[in-house]
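Q: Test case, fold it:
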Amino acid sequence: MNGLQALPDIDEVKEAFELLDDWEDRYAYIIELGKKLEPMPEELKTEASKVNGCVSQVWLVCDRREGDGGGLLHFTADSDAFIVKGLIAILFCIFQDKTAQEILNTNLEVVFKELNIEQHLSPNRRNGFVAMIERIKHEASLH
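A: From the prediction side, this is the model:
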């Protein structure tokens, strides 16, 4: 074990957001989530793993792991921006170690509406967030 705390599930993130009154506190929480990401080995940070559409540098790779009922998709990602690492962590709270079908069937609009997150992101961050989601869904479509 690498000593990192496991990411919470998305319901725990929603509960935390409800407890935090203002967006400064929520941003701090998002950044803390980003610190819980498993480290991404430097050799995985390639042009092929780079997520296009992000202003910050973002790398994302996917591998298939066997689990209950079949293959689960496990993601590793990193960014050079703390808030973006936190946004990655939120996506991992939703998608990490799920089947490709579970990922493709996830209705993110409902989740983001509950978190009220998209309107608190700059247009560039929102575009990057959407690019990360599209990359995850694309990876799922390949499996």
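Q: what's the spacing between C93 and E43?
A: Distance of C93 to E43, computed by Cβ to Cβ, to the nearest Å: 26 Å. Glycine gets a C-beta too; all of them are placed from N, C-alpha and C.
Q: Pick out whichever of these two has more residues nearby.
A: C93 (19 against 7; other Cβ atoms under 10 Å).
Q: and the more buried one, what does it touch?
A: L7, P8, D9, I10, E12, V13, L33 (Cβ atoms under 8 Å, 6 or more residues apart in numbering).
Q: ditto for V55
A: N124, R125, N127, G128.
Q: ok, so what distance separates it from V84?
A: Relative to V84, V55 is positioned 9 Å away (Cβ to Cβ).
Q: Are there residues contacting both of these two? Which ones?
A: R125, G128.
Q: hang on, the earlier thing: would you check which pair of the contacts of V55 lies furthest apart?
A: Longest distance between any two of the contacts of V55 is 7.3 Å, between R125 and N127; criterion Cβ to Cβ.
Q: Whichever helix or strand K113 is part of: which residues count as buried?
A: Taking DSSP states H and E as the definition, K113 sits inside helix 108-115. If you call a residue buried by 16 or more other Cβ atoms under 10 Å, then helix 108-115 has these buried ones: L108, V111, F112, L115.
Q: hang on, E114 packs against K14?
A: Yes - counting by Cβ atoms under 8 Å, E114 touches K14, with 5.5 Å between them.
Q: From the chain's centroid, how far away is the longest helix anywhere in the chain?
A: When the chain is parsed with DSSP state H, its longest helix is helix 123-141. Distance of helix 123-141 from the chain centroid (Cα atoms, centre = their mean, to the nearest Å) equals 9 Å.
Q: Also stretch 43-56?
A: Distance of stretch 43-56 from the chain centroid (Cα atoms, centre = their mean) equals 14 Å.
Q: got the CA positions of that stretch in CSV?
A: The C-alpha coordinates for stretch 43-56 follow below in CSV (Å, rounded to 0.1, in the frame of the first residue of the first chain):
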residue,chain,number,x,y,z
GLU,A,43,6.8,7.0,-18.1
LEU,A,44,3.0,7.0,-18.6
LYS,A,45,3.0,10.7,-19.2
THR,A,46,3.3,10.5,-22.9
GLU,A,47,1.7,12.4,-25.9
ALA,A,48,-0.6,9.4,-26.3
SER,A,49,-1.9,9.6,-22.7
LYS,A,50,-2.3,13.4,-22.8
VAL,A,51,-6.0,14.5,-22.7
ASN,A,52,-6.6,17.0,-25.5
GLY,A,53,-8.8,20.0,-24.8
CYS,A,54,-7.4,20.7,-21.4
VAL,A,55,-5.6,24.0,-20.7
SER,A,56,-3.6,22.3,-18.0
